[in-house]
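**Student:** Sequence plus the predicted model coming up.
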Amino acid sequence: MSVQYHAGEFSKALHTYNKLRCYWSGYNIELLVGDTYRQLSRYAEAIYHYQNALNMCPNRFAPLEGMYLSYDNLGDWVRRDSVADVIEAKQVKVNSYDVERIKSLIKH
């Protein structure tokens with residue numbers, strides 16, 4: 001699924017996910033499925049999977065970034081700004097390039 005996603009084969013990646021989801025689940029797969037749905041402009045489904053990933057690992061920033069981008073693409077600025085507020089207030093346990101990039105993204 002990851003190879004298909006990175007090759008831009010988003011529909012094939014979802015097909016693979018649908019075949020494997022009863023055998024494999026977890027934070028990384030939820031994040032990848034959310035990213036795949038977002039690439040296909042299926043934002044409600046993307047948000048669902050980002051929320052699942054966030055529930056699995058509430059200290060991570062990546063699901064929040066996906067939700068922020070999805071709400072932005074939907075034009076739902078109230079929810080987008082609400083997610084931005086969560087990102088801004090979230091305590092950084094380990095500073096990294098990705099965390100700084102995400103925090104910079106919400107300031108624009």
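**Tutor:** Good, I have the coordinates.
**Student:** any idea how far the nearest residue to Ala13 once chain neighbours are set aside is from Arg101?
**Tutor:** With sequence-adjacent residues excluded and distances taken as CB to CB, 6 or more residues apart in numbering, Ala13 is closest to Gln4, at 4.0 Å. (C-beta placed from N, C-alpha, C; glycine too.) Using CB to CB, to the nearest Å, Gln4 is found at 25 Å from Arg101.
**Student:** Centroid-nearest residue for this structure?
**Tutor:** Of all residues in the chain, the one closest to the mean position by CA atoms, centre = their mean is Gly66, 3.2 Å from it.
**Student:** Do a quick rundown of the helices in this protein.
**Tutor:** With DSSP state H as the definition, the chain shows helices at residue ranges 2-6, 10-20, 27-39, 43-56, 62-74, 77-89, 97-106.
**Student:** TSV for those, including mean pLDDT?
**Tutor:** As requested, the helices of the chain are arranged in TSV below (pLDDT from 0 to 100):
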stretch	mean pLDDT
helix 2-6	94
helix 10-20	94
helix 27-39	97
helix 43-56	97
helix 62-74	98
helix 77-89	97
helix 97-106	95
